[in-house]
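[1] Got a predicted model here, sequence first, then my questions.
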Amino acid sequence: MSTQSENMQHPRPKQMWFAGVLFTFFIALLGFLFALLPGFDRVGQLACAIIIAVIYRQIFGYPEALRKGITFSSQKLLRLAIILYGFKLNIDIVLNDGLGLLVRGIIVIAFAILFTVWLAKIMKANKMISLLLGVGTGICGAAAIAAIAPIVKSKDEDTAISVGIIALVGTVFAIFYTIVGPLLPIPAIDYGIWSGVSLHELAHVAIAAEPAGDDALAIALLAKLSRVLLLVPVAFIYIYVMNRKNKQSHATQNKVPFPWFLLGFIATSILGSYVLGQSIPAPPNVMEFIYNITTWLLTAAMVGLGLNVHLQDLRTKALKPLIVMTITSILVSIIAYMII
């Protein structure tokens, strides 16, 4: 009897680990429900969940008893989400139909990262958050930030702040595009290219391009996927840069570990592009199911990161990077419009 009583009073580590994982999915569910409300539907599940996680932390503090499970979500599930994200990338279509878009994507990514880092230095903004925002602006929003963060050894709170900022700014820009789109003197196809080359997330591209018609939406998503394809080479460039810095500072013990999850990203991209639906018939709606699972895993992971954010850090760290990213996003939109 005493043993059973002690087990009830002191839950096993595995039970608390599982409870921590469930906790991140519970807040992800709250984010999903909030995203169904008018107004919040423009913000999306990911941003809503992060906001709820940050608010929870400020009111109730960090749930220490659940730390291991929350950490598992923010690290392991995050990498799994990035691996599954590869299914969204159809390499074959990008290489066959999107080479011109790929060149535009390279221009946008190079400008977004280099200009953001330069402007952050001028404005004395937080370097890590600004770096992550530059990557997210140039490539594919939260997914790019999540992939690069462990390579550049970002703190969880900095990663969460970056994801929150990019979700906010990206949503504002997507709504702005839907307003100005009908006023621009360009064909719907060019408007779709502009949206896909310049906006932050796949969801933002879909929001902006959908009102312009199916053809505009299709070319917009293709342009966006061309940028997603460049995530892998950009990640390996950062690995090289980080290892070079460590070597110069003789910090060999801080050598960047190989990001095996990126190999998983490449594998799922190849699988989704050349195997499923071609060599192997894919069951109906299987890809949509995978996309939904990816969204939930990424949201739960971001909840884990959001729980590490201190409100004071948000005030002191977020403002200048937000300004930097807004300026960068405006210039990216102008440059993308000029090269469509």
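    Thanks, I have the structure now. Residues are numbered from 1 along each chain as shown.
[2] Report the contact partners of the nearest residue to residue 154 once chain neighbours are set aside.
    In this structure, residue 154 finds its nearest non-sequential neighbour in residue 128, 5.3 Å apart by Cβ to Cβ, 6 or more residues apart in numbering. Backbone N, C-alpha and C define where each C-beta goes, glycine included. Going by Cβ atoms under 8 Å, 6 or more residues apart in numbering, residue 128 touches 152, 154-155, 158.
[3] These in helices, which ones?
    Mapping the contacts of residue 128 onto helices (DSSP state H) picks out residue 158.
[4] Is it possible to mark the buried ones in the contacts of residue 128?
    152, 154, 158 (16 or more other Cβ atoms under 10 Å).
[5] which parts of whatever helix or strand residue 161 lives in are buried?
    Using DSSP states H and E, residue 161 sits in helix 156-180. By neighbour count on 16+ other Cβ under 10 Å, the buried set for helix 156-180 is 156-171, 173-174, 177-178.
[6] before we move on, the earlier item: with respect to residue 71, which of the contacts of residue 128 is nearest?
    Among the contacts of residue 128, residue 155 lies closest to residue 71 (Cβ to Cβ), at 13.1 Å.
[7] where's the nearest residue to residue 327 once chain neighbours are set aside relative to residue 131, distance?
    Of all residues not flanking residue 327 in the chain, residue 119 sits nearest, at 6.4 Å (Cβ to Cβ, 6+ apart). Separation of residue 119 from residue 131 (Cβ to Cβ, to the nearest Å) stands at 12 Å.
[8] okay, these two: which has more neighbours?
    Neighbour count, other Cβ atoms under 10 Å: between residue 119 and residue 131, residue 131 has more, with 23 against 20.
[9] From what I see, residue 152 and residue 239 are in contact.
    No. Using Cβ atoms under 8 Å, residue 152 makes no contact with residue 239, being 9.4 Å away.
[10] what about stretch 111-121, average pLDDT?
    Averaging pLDDT along stretch 111-121 gives 96.
[11] Just give me the neighbour total for residue 138.
    The burial count for residue 138: 28, using other Cβ under 10 Å.
[12] Grab the nearest non-local neighbour of it.
    residue 112 (3.3 Å).
[13] which residues touch that neighbour?
    Counting by Cβ under 8 Å, 6+ apart, residue 112 touches 134-135, 137-138, 328, 332.
[14] rewinding a little: could you measure from the residue nearest to residue 327 over to residue 316?
    To residue 316, residue 119 is 18 Å away according to Cβ to Cβ.
[15] and what of residue 292?
    Residue 292 sits 36 Å away from residue 316, going by Cβ to Cβ.
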